[in-house]
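[1] Just the structure for this:
(chains A, B and C)
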Amino acid sequence: MRSPMKSVSAGGKLNLFFMEMIIVLFFFSIASAVILNAFAASDRLSRESGRLERMSFCAQSAAEIFSQTGSLSETLEKLFGSNSYDIRGDEYDLQVRLPLTEECAYSPENAELYMIMAVESEEPEGLFKMYIVFTDGSDGEALYDIMAGAYLPGKGTVS
Amino acid sequence: MDVKEKVGKNSRPAGIGTGYLSLMMIFVTLCLTALAALSFSAAENGRRFSVRSADYTAEYYAADLEAKRTLAELDKVVSGYSDYMDFMLLAELDELSGTEYVTLPDGLEVSWKTSINDRQNISCKVKFSADGFEILDWRTVSAGETEEAPLGVWLGE
Amino acid sequence: MNSFNSAESKRLGETVSSAASMTLFLIFAVCCLIIISVAATAYGRISRNYENTFDSTAAVRYITNKIRACGGAEIISENELLLRDVGYSTLIYHSGGAVYERLFPEGDTPVSSGGERLFGAEQLIIEEDGGLVRITVRDGDDVFTAFCKG
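    Predicted coordinates for the structure are as follows:
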């Protein structure tokens, strides 16, 4: 007796091959879509963690410089270099919104991130609070924020 | 013998046999799944580490701000007195919770701790004198650690 | 004669189909290989990126935390930092593509050799900048800088 496989003719085998190919491609495309998503998610996570690290270091540096100087303009100058920053507010409350790249470099042309720094005077005199928040350049979602301070008794107002 | 029958008997299997494609797809899918899982795991580890580090930075500066608030309050209280043995001053210092003070011949030494998280504190020690204040110590310590306890360094003996 | 011709043409058709299926199989196999190599490259990139980022950021954070916890920090050279404490001092230095740490009893002269390897890093720069310590660590394409009070 001949086995059912052997009894399949050459043309039938070809048909089987093409059918298998179609089924394999169908499953493979589904599996690939899932796997591709996993790779894309990994890549996004990897970039996000690098960006979070940079934001955290940038905020730390800003907090340390501000703690030393108590001045927003000096903090900005030391952190991002001499540029014309749009600092708004009065002598008790100042804020600035900086466009940054993902590497946390100042870039008015390419704002992938925004770093918002707000400084306000607190009681007693000489105590200043700085609020730093990073937001996404496209949707404005808050990504990271810290609160820092400076106590400089001789300094009455923010600058 | 019929030609049709002859062809059927002598012909070799046409093209690739069934099953090879499926086997190959299973192998490739397994490889890709393993690589994707490894990538995701590495990226997730990195993200978890970054989030934890960034959170610690935020906690540290929040505690640092709180410690500076305490310093500002102390400075405000102490600057109102010229005599650091004044009963009223000491009573006011007692009211500030968490602070400890030592009166010195030339000033007043105040120390306090501000909690960063449940494992670490910022330990502060400030000396107030007629010239203002001087920060003697401003450092992170483990919760429960005393500053005076030195680390046991092996001296090779 | 007619049946012979039809058998020949059938055989030719089967040969062509067989070659086509073989070609399809080969194309599939090559595509699979390409996909695997692309995935392996992506994994390698993500993994290398994670390692570089981890090493650089962990080094900056470690040094920052050590400075915050010590009694006093002294910059000896561009890649040597001495942290003084009660009864001992800690030397953090960069040598041969890695950051090392070595503890010395109080009074001993610190030397940049031996100690414990902490993190791999191509470059470590520690500078004094306006009363603050600026720490820069580079590993691969990643450069991380942070200020810390000294």
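[2] who's the closest residue to A:E141 other than its chain neighbours bridged to?
    Here the nearest residue to A:E141 in space, its sequence neighbours aside, is A:T135; by CB to CB, 6 or more residues apart in numbering or on different chains that works out to 6.4 Å. Bear in mind the C-beta positions are built from the backbone N, C-alpha and C, glycine included. Beta-bridge partners recorded for A:T135 (DSSP bridges): A:Y114, A:A142.
[3] list the contacts for A:T135?
    Residues near A:T135 by CB atoms under 8 Å, 6 or more residues apart in numbering or on different chains: A:113-114, A:116, A:141-143.
[4] Let me see the mean pLDDT of stretch B:119-133.
    Here stretch B:119-133 scores 90 as its mean pLDDT.
[5] Give me the buried stretch members for it, please.
    B:120-128, B:133 (16 or more other CB atoms under 10 Å in any protein chain shown).
[6] With neighbour count as added columns, please give the contacts of A:T135 in JSON lines.
    Output for those, formatted as JSON lines (neighbours: other CB atoms under 10 Å in any protein chain shown):
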{"residue": "A:L113", "neighbour count": "24"}
{"residue": "A:Y114", "neighbour count": "17"}
{"residue": "A:I116", "neighbour count": "15"}
{"residue": "A:E141", "neighbour count": "9"}
{"residue": "A:A142", "neighbour count": "11"}
{"residue": "A:L143", "neighbour count": "17"}
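[7] The helix or strand bottoming out on mean pLDDT in chain C near chain B anywhere?
    Across the helices and strands of chain C, mean confidence by mean pLDDT, DSSP states H and E is lowest for helix C:2-69: a mean of 86. Yes - Helix C:2-69 lies within reach of chain B by CB under 8 Å from any CB of the partner chain, at C:3-4, C:6-7, C:10-11, C:14, C:17-22, C:25, C:28-29, C:32, C:35-36, C:39-40, C:42-43, C:46-47, C:49-50, C:53-54, C:57-58, C:61, C:65, C:68-69.
[8] Are any of the residues you listed buried, and if so which?
    Judged by 16+ other CB under 10 Å, buried ones among the residues of helix C:2-69 next to chain B: C:10, C:14, C:17-18, C:21, C:25, C:28, C:32, C:35, C:39, C:42-43, C:46-47, C:49-50, C:53-54, C:57-58, C:61, C:68-69.
[9] In strands only, show me the buried residues of stretch B:119-133.
    In strands, defined here by DSSP state E, the members of these are B:120-128, B:133.
[10] what's near enough to touch the residue nearest in space to the middle of chain B?
    Note on chain B: the residue nearest the mean C-alpha position is B:Y56, at 3.6 Å, using CA atoms, centre = their mean. Residues counted as contacts of B:Y56 (CB under 8 Å, 6+ apart) are B:116-117.
[11] Grab the nearest non-local neighbour of the residue most central in space within chain C.
    Residue closest to the mean C-alpha point of chain C, counted by CA atoms, centre = their mean, is C:N52 at 2.5 Å. Using CB to CB, 6+ apart and skipping residues adjacent in sequence, the residue nearest C:N52 is C:G140, 4.0 Å away.
[12] quick check: mean pLDDT across whichever strand or helix holds A:G50?
    Assigned by DSSP states H and E, A:G50 belongs to helix A:10-69. The average pLDDT for helix A:10-69 rounds to 89.
[13] So for the helix or strand following it, mean pLDDT?
    The element immediately downstream of helix A:10-69 (helix or strand, assigned by DSSP H and E) is helix A:72-80. Regarding helix A:72-80, the rounded mean pLDDT is 91.
[14] Whatever helix or strand comes next after helix A:72-80 packs against which elements?
    Next in sequence after helix A:72-80, counting helices and strands by DSSP H and E, comes strand A:88-90. Strand A:88-90 is packed against strand A:93-100, with contacts defined by 3 or more CB pairs under 8 Å, 6 or more residues apart in numbering or on different chains; DSSP states H and E.
[15] Quick one: residues in contact with the strand it packs on.
    So strand A:93-100 is contacted by A:58, A:72, A:76, A:80, A:85-89, A:106-108, A:110-121, A:134, A:137, A:158-159 (CB under 8 Å, 6+ apart).
[16] Give me the buried subset of those.
    Buried among those by 16+ other CB under 10 Å: A:58, A:72, A:76, A:80, A:85, A:87, A:106-107, A:111-115, A:117-119, A:121, A:134, A:137, A:158.
[17] Next up, the contacts around A:A105.
    Going by CB under 8 Å, 6+ apart, A:A105 touches A:F80.
[18] part of a helix, is B:K76?
    Yes - assignment of B:K76 by DSSP: H, G, I helix; E, B strand; the rest coil places it within a helix.
[19] quick revisit: out of the contacts of A:T135, which is nearest to chain B?
    Comparing the contacts of A:T135 against chain B with CB to the nearest CB places A:L143 closest, at 9.6 Å.
[20] For chain B, name the helix or strand with the lowest mean pLDDT.
    helix B:3-10 (a mean of 45).
[21] which residue ends up closest to the midpoint of chain A in space?
    Geometric middle of chain A (CA atoms, centre = their mean) lands on A:R51, at 4.4 Å.
[22] Now that one. Nearest residue, chain neighbours left out?
    Closest to A:R51 by CB to CB, 6+ apart is A:E102, at 5.3 Å.
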